[in-house]
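A.B. asks: Just need the structure, nothing else, for what follows:
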Amino acid sequence: GRYQYISTCRPIRDNSGMIVGAVEIAKDMHEIRQMARTFSDPGQISFSDIIGKNASIKAAIAFAEKIADTDSPVALRGASGTGKELFARAIHTASRRSGRFVPVNCAALPDPLLESELFGYESGAFTGGKKEGKPGLFETASGGTVFLDEIGEMSLASQAKLLRLIQEGAVRRIGGTREIPVNARIITATNKNLERRVEEKVFRKDLYYRVSVLPIHIPPLSQR
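C.D. replies: The predicted model follows:
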């Protein structure tokens, strides 16, 4: 979106009539503009945009920087609001992958729609779909990164299809028969206890091990 800056501050003067704090005000406005530019172009987020000086957040950033240039799946863990998508975007930026960063909120879409978005569909696969079919997000993100936010909310049926995609390195569109090669790195995020969900049999154990190759725990803001 667009950002508009409106200044409502009156200059504060001392007894001699000199403006007090002008440098500080200018500095603050410069930082606000930088922040706005960062969020208006989120694909350019880097690790320097992640806030925190605590040892735990520094360790998380250092590990993320170390593994950014690999192709292995990354599993981001942490409470809501800790910056999991910021980490995912920073990892994508540092990976120097040529493709797009594609975020998907697995909890926001009903299961049939989530599958059609992730894996795509062929012409005539279902009523209401595009006549010519549609490529899935894994296809459009080939060479880039797919960020699966709230993966713990994905249904078992969708989990099985995601597992096959990871194992085969290819996707089969809904209603299709051919395997389409994909080369998209997968980064997942959740605020759920996936180990407990595996025990409760609502999350596949084999998929858990596939997506948890490189786990990163993001500390809460209160520790940063």
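A.B. asks: got the contact list for the spatially most central residue of the chain?
C.D. replies: Geometric centre of the chain, nearest residue: residue 85, 3.8 Å, by Cα atoms, centre = their mean. Residues near residue 85 by Cβ atoms under 8 Å, 6 or more residues apart in numbering: 103, 147, 149, 189. Yep, even glycine has a C-beta here, placed from its N, CA and C like the rest.
A.B. asks: let's see it at 7 Å
C.D. replies: 103, 147, 149 (Cβ atoms under 7 Å, 6 or more residues apart in numbering).
A.B. asks: Which one of the residues you listed sits in the busiest neighbourhood?
C.D. replies: residue 147 (27 neighbours; other Cβ atoms under 10 Å).
A.B. asks: quick one: it and residue 187 touch, right?
C.D. replies: Yes: with contact defined as Cβ atoms under 7 Å, residue 147 reaches residue 187; the gap is 4.9 Å.
A.B. asks: Give the residue spans of this structure that score low on pLDDT.
C.D. replies: Residue ranges of the chain with pLDDT under 70: 1-43, 124-129, 131.
A.B. asks: mind running it again at 80?
C.D. replies: 1-43, 123-133 (pLDDT under 80).
A.B. asks: tell me which element residue 187 falls in.
C.D. replies: strand 185-190 (DSSP states H and E).
A.B. asks: could you say what helices and strands that strand packs with?
C.D. replies: With contacts defined as 3 or more Cβ pairs under 7 Å, 6 or more residues apart in numbering; DSSP states H and E, the packing partners of strand 185-190 are strand 74-77, helix 84-95, strand 145-149.
A.B. asks: Quick check: what element follows it along the chain?
C.D. replies: Counting by DSSP H and E, what follows strand 185-190 is helix 194-199.
A.B. asks: Please name the residues that touch the residue lying closest to residue 192 once chain neighbours are set aside.
C.D. replies: Nearest residue to residue 192 in three dimensions, chain neighbours excluded: residue 152, at 3.6 Å (Cβ to Cβ, 6 or more residues apart in numbering). Contact analysis of residue 152 by Cβ under 7 Å, 6+ apart lists 190, 192, 194, 197, 203.
A.B. asks: these two touch, right, residue 84 and residue 75?
C.D. replies: No: contact criterion Cβ under 7 Å: residue 84 and residue 75 do not qualify, at 10.1 Å.
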